[in-house]
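Trainee: Output the structure for:
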Amino acid sequence: MEYQLKIFTWHIHGSYLFYLSQGNYQIYIPVKPEKTEGYYGRGETFPFGNNVIEIPADEVKNHDFDCVLFQTNQNFLKDQYEILSPAQRELPKVYLEHDPPRQHPTDTKHIINEPDMTLVHVTHFNRLMWDNGQTPTVVIEHGVTEPEASYSGKLDRGIVVINNLPSRGRLLGLDVFMEVRKHIPIDLVGMGTGELGLGEVLHPELPQFISQYRFFFNPIRYTSLGLAICEAMMLGIPVVGLATTELATVIENGHSGYVHTDVNYLIEKMKLLINDAGHAATLGQAGRETALSKFDIKRFTHQWEQLFKKVANKQIIESLTD
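Mentor: Residues are numbered from 1 along each chain as shown. Have a look, this model is predicted:
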């Protein structure tokens, strides 16, 4: 039987962890009764398989792993020293960076500056903008599974999927959303939407819910490529968004959606999509074809499997020869 690598990480982004768990390895995550950040355990939102295994945080030191995957500065600066043993802290390490730099778009030095670690970026834009120092970097673009739902676009409205938009302000495009809403019928779903939105729709139910909307709108100014965008494209919903960060390389204007830095231009295209359901469906199908090629879950998990095997090779050999 093929040996399955044992990867230790924290539960940071549930949807990313779900897609990561589609690979051929075991993922161990710590859990605390108080469910603080990174210590949620499996939770009840995502249909994780048996390869995602909870460990009480105070028992982590007693387990054997092949690799440690960090996902936040807190994981690296604090968490590892609280729950990992000295021997575990010497294991091969990978840092998964989910976001572009915040302090300065081009001159921010990444916290990891280690020639013996691997820094994984989720977009080419992120790798370009971070000062990665001496750390070897790779890009593993998103992968998402194909949904069971299919696009109908029967609602003459747009849909936005962002958690906590009211409290996250300009970065996530609150002002852009508010401006568009003056001209276009558009709904918002996500945690913490307050009076602006419809509230949270659980991830397993999201494809069916958003499939009814004519188009998907992404008002975010500065972020990684959101998994919600990838999921919408895989569903066949045409995407409209700001031509910033990685999205400008994913959507082909007028072919698979519309992207621009002029919000007024985007408003006019949204009006077009509302008035022409056939055009919306054509754009959505082209976007789905892009997603099937670009966000293939098998490619995604294969790249992670290969990376884990590469960095943990010495540890695997030791495990198999004990």
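Trainee: Enumerate every residue touching residue 149.
Mentor: 207, 208, 211, 235 (C-beta atoms under 8 Å, 6 or more residues apart in numbering). All C-beta atoms are positioned from the backbone trio N, CA, C, and that covers glycine.
Trainee: Give me the pLDDT for it.
Mentor: With respect to pLDDT, residue 149 scores 93.
Trainee: Where do the strands of this protein begin and end?
Mentor: 6-9, 26-31, 52-56, 67-70, 93-97, 118-121, 137-139, 155-161, 186-189, 213-218, 239-242, 257-260 (DSSP state E).
Trainee: which one of these is the most hemmed in?
Mentor: Across these, averaging neighbours per residue (mean count of other C-beta atoms under 10 Å) puts strand 213-218 on top, at a mean of 27.
Trainee: Tell me which other helices or strands that strand touches.
Mentor: Where contact means 3 or more C-beta pairs under 8 Å, 6 or more residues apart in numbering; DSSP states H and E, strand 213-218 is packed against strand 155-161, helix 227-235, strand 239-242, helix 263-275, helix 277-294.
Trainee: can we see that at 6 Å?
Mentor: strand 155-161, strand 239-242, helix 263-275 (3 or more C-beta pairs under 6 Å, 6 or more residues apart in numbering; DSSP states H and E).
Trainee: What is the burial count for residue 310?
Mentor: The number of residues packed around residue 310, counting by other C-beta atoms under 10 Å, is 13.
Trainee: To residue 195, which of the helices and strands packed on strand 213-218 lies closest?
Mentor: Using C-beta to C-beta as the measure, strand 155-161 is the one of these that comes nearest residue 195, at 14.6 Å.
Trainee: Now do the closest one against helix 277-294, angle only.
Mentor: Strand 155-161 runs at 30 degrees relative to helix 277-294, counting by axes from the mean of the first three to the mean of the last three C-alpha atoms, to 10 degrees.
Trainee: could you give the angle of strand 155-161 to helix 227-235?
Mentor: Orientation check (the same axes, to 10 degrees): strand 155-161 against helix 227-235 gives 140 degrees.
Trainee: which of the residues in stretch 12-23 are buried?
Mentor: Judged by neighbour count (16 or more other C-beta atoms under 10 Å), stretch 12-23 contains these buried residues: 12, 14, 15, 16, 17, 18, 19, 20, 21, 22, 23.
Trainee: list the contacts for residue 57?
Mentor: For residue 57, the contacting residues are 30, 32, 39, 83, by C-beta atoms under 6 Å, 6 or more residues apart in numbering.
Trainee: Now do the spatially closest residue to it that is not a sequence neighbour against residue 2, distance only.
Mentor: Once flanking residues are discounted, residue 57 sits nearest to residue 30: 4.2 Å by C-beta to C-beta, 6 or more residues apart in numbering. Using C-beta to C-beta, to the nearest Å, we find residue 30 at a distance of 26 Å from residue 2.
Trainee: just residue 229 next, same as before
Mentor: 34 Å.
Trainee: Which residue of these two possesses the greater neighbour count?
Mentor: When residue 229 and residue 2 are compared for neighbours, residue 229 comes out ahead with 28 against 4, by other C-beta under 10 Å.
Trainee: In contact with the more buried one, which residues?
Mentor: Contacts here follow C-beta under 6 Å, 6+ apart; on that basis residue 229 touches 218, 239.
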